[in-house]
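[1] I'd like to go over a predicted model; first the sequence, then the structure.
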Amino acid sequence: MLTPMKMARTRIISHKANEEKILSALHDMGIFQIEPVSLTSEMIRPLPAGESYAKLSELARKVRGLESLMIPREVEGKILFKDVKELVSAAENIGIYDRV
């Protein structure tokens, strides 16, 4: 007898070259219901005009560098940004480089 179970929505993002292998493996496991997602999804959208990949890459490199120097601790929560501009602004305002 089939009984309803609690489900969660999961997004899987992969390189196009691995798509068939990943979908086949998930299908063979029989534990996923796979449905296509529109490329116009709110979670998958291009960077706004004017934002450069180089700028975001540089900020990410700086944050990872700082993170590697810090003592690990339990993360209490995540900060969600409404757009890339807000993220860039927060990353640029960390201000630790002025103090070290």
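    Ah, there it is.
[2] Which stretches in the chain count as helices?
    Taking DSSP state H to define them, one finds helices in the chain at 19-29, 53-69, 84-92, 96-99.
[3] how does this protein divide into domains?
    10-45, 53-99 (automatic domain parsing).
[4] Compare the mean pLDDT across those domains and name the weakest.
    Here these differ in mean pLDDT, and the lowest is domain 10-45 at a mean of 75.
[5] can you pull the buried residues of that domain?
    Of all the residues in domain 10-45, not one is buried under the rule 16 or more other Cβ atoms under 10 Å. Using the backbone N, CA and C atoms, a C-beta is placed for each residue, glycine as well.
[6] Off-centre distance for it?
    Relative to its parent chain, domain 10-45 has a centroid offset of 15 Å by Cα atoms, centre = their mean, to the nearest Å.
[7] before we move on, back to that, CSV for the domains of the chain, including distance to Pro4?
    Conversion of the domains of the chain to CSV gives the following (distance: least, Cβ to Cβ, whole Å):
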stretch, distance to Pro4
domain 10-45, 13
domain 53-99, 30
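[8] From Lys82, how far off is Glu76?
    For Glu76, the distance to Lys82 equals 21 Å [Cβ to Cβ, to the nearest Å].
[9] Counting neighbours, what do you get for Val63?
    Around Val63 there are 13 other residues, counting by other Cβ atoms under 10 Å.
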